[in-house]
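Visitor: Have a look at this prediction, sequence included:
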Amino acid sequence: MIIENTPLSMTEAKEYFEKDKEISDEIKSFTKTFSKLKSNDGIKMREKIISLDMIKISPTHASKIIDLLPKTSEEINKIFIDISLNEEEINKILDLVKEFS
């Protein structure tokens, strides 16, 4: 049963997959292979992204930032294809990503 529909990064989803015995080992292996952060770091990063208090960042954008850990403004612009960010906003995101990389 679906209780809540919230976008999660692979790092955050990994925590739920470990607890759920119905999730296949293949899915668990995939998330372990491609997630770049530990679960706790993913949660902390989401909290910091939210604390930036930027209305342009949706929960889906936050998940993609955590999954991809963009290092350049071009990479950020690929995440925010539907929204235009100014240089200050991009730099705030890049600085935050550097904390966790």
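Guide: Looks like it arrived, so ask away.

Visitor: residue ranges with poor pLDDT in the chain?
Guide: Applying pLDDT under 70 to the chain flags residues 1.

Visitor: now the strands for the protein?
Guide: Assigned by DSSP state E, the chain shows no strands.

Visitor: which residue ranges form the helices in it?
Guide: 10-19, 25-34, 39-51, 59-68, 73-79, 87-100 (DSSP state H).

Visitor: so can I have a markdown table of those showing distance to Ile2 and mean neighbour count?
Guide: All C-beta spots, glycine's among them, are computed from the backbone N, C-alpha and C. Below are the helices of the chain laid out as a markdown table (distance: least, C-beta to C-beta, whole Å; neighbours: other C-beta atoms under 10 Å):
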| stretch | distance to Ile2 | mean neighbour count |
| --- | --- | --- |
| helix 10-19 | 13 | 18 |
| helix 25-34 | 17 | 12 |
| helix 39-51 | 20 | 16 |
| helix 59-68 | 16 | 19 |
| helix 73-79 | 25 | 15 |
| helix 87-100 | 29 | 14 |
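
Visitor: Throw those helices into a markdown table and include distance to Ile3, thanks.
Guide: Output for the helices of the chain, formatted as a markdown table (distance: least, C-beta to C-beta, whole Å):
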| stretch | distance to Ile3 |
| --- | --- |
| helix 10-19 | 12 |
| helix 25-34 | 19 |
| helix 39-51 | 18 |
| helix 59-68 | 16 |
| helix 73-79 | 27 |
| helix 87-100 | 28 |
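
Visitor: Determine the number of other residues adjacent to Ile2.
Guide: Using other C-beta atoms under 10 Å, Ile2 has 4 other residues around it.

Visitor: Who are the contact partners of it?
Guide: By C-beta atoms under 8 Å, 6 or more residues apart in numbering, the contact set of Ile2 is empty.
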